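Okay, predicted coordinates and the sequence, questions at the end:
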Amino acid sequence: MAVDGYMYLTLFPGLCIFLTVLSCNVLGDGIRSALDPKN
């Protein structure tokens, strides 16, 4: 399947999912630190 020379078919969607989750985490941390009264 993916090892038959079509590695990019799984690499690019996986990379997009990873970047989406990473950006949501960074955005959430930024919002929390901006709105946290203890900070």
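All right, it came through fine.

Work out for me the element Phe12 sits within.
helix 8-35 (DSSP states H and E).

what pLDDT, on average, does that helix get?
The pLDDT scores in helix 8-35 average 94.

Show me how far it is from its chain's centre.
2 Å (Cα atoms, centre = their mean, to the nearest Å).

And it, what does it pack against?
Packed against helix 8-35, as judged by 3 or more Cβ pairs under 8 Å, 6 or more residues apart in numbering; DSSP states H and E, are no other helices or strands. The C-beta positions use only the backbone N, C-alpha and C, and glycine is treated the same way.

For it, which residues meet the burial criterion?
Along helix 8-35, not one residue counts as buried under the neighbour rule (16 or more other Cβ atoms under 10 Å).

who's in contact with stretch 13-32?
Around stretch 13-32, nothing counts as a contact under Cβ atoms under 8 Å, 6 or more residues apart in numbering.

okay, that stretch in CSV with CA atoms only?
In CSV, the C-alpha atoms belonging to stretch 13-32 read as follows (Å, rounded to 0.1, in the frame of the first residue of the first chain):
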residue,chain,number,x,y,z
PRO,A,13,-2.2,14.4,5.1
GLY,A,14,-0.5,13.3,8.3
LEU,A,15,1.7,16.4,8.2
CYS,A,16,-1.4,18.6,7.8
ILE,A,17,-3.1,16.9,10.7
PHE,A,18,0.0,17.3,12.9
LEU,A,19,0.4,21.0,12.0
THR,A,20,-3.3,21.6,12.7
VAL,A,21,-3.2,20.0,16.1
LEU,A,22,0.1,21.8,16.9
SER,A,23,-1.3,25.2,16.0
CYS,A,24,-4.5,24.6,18.0
ASN,A,25,-2.3,23.7,21.1
VAL,A,26,-0.2,26.8,20.6
LEU,A,27,-3.2,29.0,20.1
GLY,A,28,-4.9,27.5,23.2
ASP,A,29,-1.8,28.1,25.3
GLY,A,30,-1.6,31.7,24.2
ILE,A,31,-5.3,32.4,24.9
ARG,A,32,-5.0,30.7,28.3
